[in-house]
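Asks: what shape does this take:
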Amino acid sequence: MSDESPSTTSPEGEAPGGVTRAAAVVILVGLAVSLAVGIAPNASSRIVDLGQRIWPGYAAELRVDPTRPTCDLQALKKRLSACPAKDAAPAPAPSPSNPFGGKDPFASGGPATAPAAQENCPALRSLVRDCEQETTQYEAASARITPNLRRFRAVDQLVGGLARFPWWRDLLSVLLLVGGLATTFTRMHIALRSARTLLEDRVTQSAQLAAHLFLFASSVADWHVQATSTARLEDLELPILWAVGFAALALVNLWHLLRPPRFERGDTNLGRLLMVIPLYAYMAVIAGLYFLLAEAHPSGQAIYLHKFVQHPTVYVGIGLYIWAGMLLAETWVAHRAFRVIRPWNLPPPLFAWLVVVISAVPTAYSGASGIFVIAAGAVIFEQLREAGASKRLALATTAMSGSLGVVLRPCLVVVLIAVLNKQVTTDQLFAQGHKVFLLTAALYLGAMLIYSRGRISFAPPHEAAPKSLRALGPLVPYLLIGAVILVFYRFAFDTGLNERTAPYVLPVLLVPLVAWDRLRPPTDATEQAFVASHGRGLFTALVEATETCSHHVGALLMVMAGSVGLGGVVERADLMRLVPASLGSLPVTMTVLVVILILVGMTMDAMGAVILVSVTIAQIAYKNGVNPVHFWMTVLVAFELGYLTLPVALNHLLARQVIGAGAELDDDVEGFWARTEHQWLPMAVMGAALLLVAYVPLAWYPLGS
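Replies: Predicted coordinates for the structure are as follows:
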């Protein structure tokens, strides 16, 4: 695990600021479109309801112009006028002279030869009645379509068109590629180490170049297959978009190889050279080599990119969550919220525990611990340091800040598990998730008590409580603004805050908070220093938040896309066949599963890992008698341990990514455990939780009943 912050140096003459600023503008537009499109279905329903109240029958009759009747009423009436009256004398009864009844054909006048005699008069009368009814309805509806209704209907049609937005996959692809471009340009991809010598920079750029070329070639091959196929084409533009995007990324790598930054002289070794290669580059190169050499299937990687964009709203939602986190960092909300706690003078370990427990709630809404670490990690680290926590304790807490909330309602990962596995329901999983949350919270509290070596003290309540109450005052405007936004969404769009709507509500809620802080003068020295370093004005704050967001979105989405391709290698290589169908006893089965799940958590993001486990490992667990609810609780805890476990430790990498230079550690601490406590402390807590969750419920089944 690296103790260094990623390098963002640029070669002389290079101006990444212009590129990243342009990328930020594209990302901002894309996220704004996502917000509008995400809420459009609810908005469309509310508009239709409003129209129905103002103009009764609006939904059924007035949303479109009425169709003019196809019948010609005047012509039908003219034809009907030649028919005899409906109450004309009936035809005479049969008689010996006229055995067939009706008019005597031999009577004077002969047979009827007038055109009306050829008409089916009863059917004609029915046609006239129907045409009169259609004409009346058409004229009545036309008369109701006033200029005001036309203007209202134009808005309705615009919002309804957004609700049917057909380019979600294209939007996700643009966010992936443009974010990847900003991240590549600023050398901010997620890796175990950041390059600090010229050789290391050349190795990381060469590996990224190879990854982008593999993805470019696979996209071109996929386009060729689709273009020459006789089957119905879908999303033919996606391979073209990917090919252009990955070609642009490859050109950036070539530029970096030709114009490297200036590095101080230093030694390196093979281990460091392997660790400076970004995680997604490893995944893309492995998948590219497998599909090209083992299967001779060059379009294989692109096929799994299609699978990646099959759930576009999930991954676009990740971008919105990260944007919300960056907007939060542009406010003073966290700064003022922590003022409520500080009067109690909690020891840093207990303060760290409280932060982790409180962070569980926003983590449950963000859907994954890594997303929360990116969104709020910098704020958490800063506040812990201000509270007196050591840098290592602050790093450990930041990396673990999202690990407790992934089992709580309404976590999207749990919802995805229930969708993919009919053996479990969200109610079952969330019911057991609360128990797992209490367990992990208790274990972390115990670890913090041990860490503090029994030195537990806090301010007397009669002194701390009044200060905390006074500190609540500055938070009232934020609470009122948030309440107004939530009430507006409830009444305007009939939308609450849940796992489906949170990505589209939180950024809109945070923009007014940013405006509140940026458009009024600071109240203390800390806020003045913040304004001096960040500048004033709402537009400046939005641009800064979006520019930072673009780097993190690109870094995380590239890892997620790479993990889907790596999962494809595992799936197509049928590696799970190496695991016996029957593993014997339940403890042995659980041991094998735990090891596999930790390895999956170390190498894949939560969404892709859940999909892979659902189609492979879960079936082995079910066949060996593992209770499905117990299995999936074990999966979630094992994933979190994997995200904190060396050598990858993804949550640590993400924490270092957002903290930046502040994550650099001093080497003056003596002792292995003291130097590495930020690594082993979260691993010890989640490892103990995994052992308890995995093995204790084996004593009684069914856990999920």
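Asks: spit out the contact partners of R518.
Replies: Applying C-beta atoms under 8 Å, 6 or more residues apart in numbering to R518 gives the contacts E330, R536, G537, L538, T540, A541. Just so you know, the C-beta spots here come from the backbone N, C-alpha and C atoms, and that holds for glycine as well.
Asks: make TSV out of those residues and add distance to L192 and neighbour count.
Replies: Shown next, in TSV, are the contacts of R518 (distance: C-beta to C-beta, whole Å; neighbours: other C-beta atoms under 10 Å):
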residue	distance to L192	neighbour count
E330	30	22
R536	38	14
G537	38	13
L538	38	16
T540	34	13
A541	33	23
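Asks: just for the stretch 101-250 of the chain, where's the confidence low?
Replies: 101-119, 230-234 (pLDDT under 70).
Asks: what ranges does it have for its helices?
Replies: Assigned by DSSP state H, counting those that start in this stretch, the helices in the stretch 101-250 of the chain fall at 115-118, 121-144, 147-163, 168-185, 198-227, 237-258.
Asks: list the buried residues in the longest one.
Replies: Burial within helix 198-227, assessed by neighbour count using 16 or more other C-beta atoms under 10 Å, is assigned to 198-223, 226.
Asks: tell me which other helices or strands that helix touches.
Replies: The helices and strands touching helix 198-227, judged by 3 or more C-beta pairs under 8 Å, 6 or more residues apart in numbering; DSSP states H and E, are helix 237-258, helix 270-275, helix 279-289, helix 300-308.
Asks: quick one, that helix and helix 300-308 angle?
Replies: Angle of helix 198-227 versus helix 300-308, following axes from the mean of the first three to the mean of the last three C-alpha atoms, to 10 degrees, is 80 degrees.
Asks: mind checking how far I380 is from T398?
Replies: Remark: distance between I380 and T398 (C-beta to C-beta, to the nearest Å) = 5 Å.
Asks: so between those two, which is more surrounded?
Replies: More crowded of I380 and T398, by other C-beta atoms under 10 Å: T398, with 33 against 27.
Asks: got the CA positions of the helix or strand the more buried one falls within in PDB?
Replies: Element membership for T398 (DSSP states H and E) is helix 391-400. As requested, C-alpha coordinates have been extracted for helix 391-400 and formatted as PDB (Å, rounded to 0.1, in the frame of the first residue of the first chain):
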ATOM      1  CA  LYS A 391      -2.500  11.000  10.400                       C
ATOM      2  CA  ARG A 392      -2.500   7.200  10.400                       C
ATOM      3  CA  LEU A 393      -5.700   7.000  12.500                       C
ATOM      4  CA  ALA A 394      -7.300   9.600  10.200                       C
ATOM      5  CA  LEU A 395      -6.300   7.500   7.100                       C
ATOM      6  CA  ALA A 396      -7.600   4.300   8.700                       C
ATOM      7  CA  THR A 397     -10.900   5.900   9.500                       C
ATOM      8  CA  THR A 398     -11.300   7.500   6.100                       C
ATOM      9  CA  ALA A 399     -10.700   4.200   4.300                       C
ATOM     10  CA  MET A 400     -13.100   2.400   6.600                       C
END
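Asks: my read is L665 is in a strand, agree?
Replies: No. Read with DSSP: H, G, I helix; E, B strand; the rest coil, L665 is coil and lies in no strand.
Asks: wait, doesn't it sit right on A394?
Replies: No. In this structure, L665 is not within contact of A394 by C-beta atoms under 8 Å, at 10.7 Å.
Asks: so for the two, which residue has more residues nearby?
Replies: Each of L665 and A394 has its neighbours counted (other C-beta under 10 Å); A394 has more, 27 against 16.
Asks: pLDDT wise, what is the more buried one at?
Replies: On pLDDT, A394 comes in at 91.
Asks: for it, which non-adjacent residue is closest in space?
Replies: In space, and not counting its chain neighbours, A394 is closest to L384: 4.0 Å by C-beta to C-beta, 6 or more residues apart in numbering.
Asks: what of L519?
Replies: Leaving aside its chain neighbours, L519 sits nearest to L538 (6.4 Å; criterion: C-beta to C-beta, 6+ apart).
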